[in-house]
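**Student:** Here's a sequence, model it:
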Amino acid sequence: MSEKNRDGKRTARERLAVEREKQRAAEKRRRALIVGASVVCVLGLAAVIGVVAANAGKDDGSDSAGPVVAPSGAQGKDGLAIPVGEEGARSTLTIWEDFRCPACQAFETAYRPTIHELTEAGKLKVEYHLATIIDGNMGGTGSRKAANAAACAQDAGKFTPYHDVLYDNQPPETDDAFADEDKLIELAAKVDGLDTPAFRTCVQEGRHNSWVEKSNEAFQNGGFSGTPTVLLDGQNIYQDQSMTPEKLKQMVEAAQG
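**Tutor:** Next comes the predicted model:
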């Protein structure tokens, strides 16, 4: 083989290698964009850090027009908080969440046992605020319908167990399974005494849809960075990357005096 031919083949191989490297770089950038556009959950030593774009699209609100009907026992400004725990607890945990949000589920998985322990001991009161940002970001109505169903469960005095069931059965973020009211009713059967005609009617009629929309508007206007947003006595503890369930417990117990 002549030196010229060898040089030609070497040059062709080099060009091919460069082209392949360009393709790999483009694919890497594409994957990064996909990941960056979705929920990011980082699980540390029992700590959870999640980010969801909070101010992207808003839920279109279809099928939600109607009077604002707050669920039974709702508290706070405009009655937008669902309380769990004793009213006289010295510490208050405020949680903004979306039932379609994977980062919210990750937080639940890590912190739920500690939160239950502290609320049952009378040391912590939790105020849940429901948002629908995944509906706005990904499309669909599952966030709103799941939140409405949770509010219906609150009417029945079953908010906490149904709340936990929804997260235990959360579909993939891109799967709008919670938009199916039959699915939400089916999950209610996992909570003793919840699957009643009154609950079914509440879910099917979307009784609290407008209340959910009002709650989501409060979230959008609150200057929060994403869901979940978790505040302990007004301090955003979710942004603390050193936070763990044990640290949360220590903070709550230290407030007991």
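
**Student:** What helices and strands are in contact with the helix or strand hosting residue 119?
**Tutor:** Residue 119 belongs to helix 102-120 when assigned by DSSP states H and E. If you count contacts as 3 or more Cβ pairs under 8 Å, 6 or more residues apart in numbering; DSSP states H and E, helix 102-120 packs onto strand 40-43, strand 48-51, strand 91-97, strand 124-130, helix 159-168, helix 245-254. Backbone N, C-alpha and C define where each C-beta goes, glycine included.

**Student:** mean confidence for that helix?
**Tutor:** The pLDDT scores in helix 102-120 average 97.

**Student:** And it, what's buried?
**Tutor:** 102-108, 110-112, 114-116, 118-119 (16 or more other Cβ atoms under 10 Å).

**Student:** Export it to CSV, keeping only CA atoms.
**Tutor:** Extracted C-alpha coordinates of helix 102-120, given in CSV (Å, rounded to 0.1, in the frame of the first residue of the first chain):
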residue,chain,number,x,y,z
PRO,A,102,-41.5,12.3,42.5
ALA,A,103,-39.5,14.5,44.8
CYS,A,104,-42.5,14.8,47.2
GLN,A,105,-42.7,11.0,47.2
ALA,A,106,-39.0,10.8,48.0
PHE,A,107,-39.4,13.2,50.9
GLU,A,108,-42.3,11.1,52.1
THR,A,109,-40.4,7.9,52.0
ALA,A,110,-37.5,9.3,54.1
TYR,A,111,-39.4,11.5,56.6
ARG,A,112,-42.9,10.0,57.0
PRO,A,113,-42.1,7.7,60.0
THR,A,114,-40.5,10.6,61.9
ILE,A,115,-43.3,13.0,61.1
HIS,A,116,-45.9,10.4,62.2
GLU,A,117,-44.0,9.8,65.4
LEU,A,118,-43.8,13.5,66.2
THR,A,119,-47.4,14.3,65.4
GLU,A,120,-48.7,11.3,67.4
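
**Student:** Kindly indicate which of the buried residues of helix 102-120 lies nearest residue 211.
**Tutor:** When those are compared for distance to residue 211 (Cβ to Cβ), residue 104 wins out at 19.1 Å.

**Student:** check contacts around that closest one.
**Tutor:** 50, 97, 98, 167, 227, 228 (Cβ atoms under 8 Å, 6 or more residues apart in numbering).

**Student:** The third one and residue 136 touch, don't they?
**Tutor:** Looking back up the chat, that one is residue 98. No. Contact criterion Cβ atoms under 8 Å: residue 98 and residue 136 do not qualify, at 9.7 Å.

**Student:** Looking only at neighbour counts, state which of those two leads.
**Tutor:** Taking neighbours as other Cβ atoms under 10 Å, residue 98 and residue 136 compare with residue 98 leading, 30 against 23.

**Student:** give me every residue that touches that one.
**Tutor:** So residue 98 contacts 52, 104, 130, 131, 132, 133, 134, 143, 147, 227 (Cβ under 8 Å, 6+ apart).

**Student:** again, only this time at 6 Å
**Tutor:** By Cβ atoms under 6 Å, 6 or more residues apart in numbering, the contact list for residue 98 reads 104, 131, 133, 134, 143, 227.

**Student:** just residue 86 next, same as before
**Tutor:** By Cβ under 6 Å, 6+ apart, the neighbours of residue 86 are residue 122.

**Student:** Compute the distance between it and residue 122, please.
**Tutor:** 5 Å (Cβ to Cβ, to the nearest Å).

**Student:** if we can go back for a sec, now do the helix holding residue 119 against helix 159-168, angle only.
**Tutor:** Relative orientation of helix 102-120 versus helix 159-168 (axes from the mean of the first three to the mean of the last three Cα atoms, to 10 degrees): 150 degrees.
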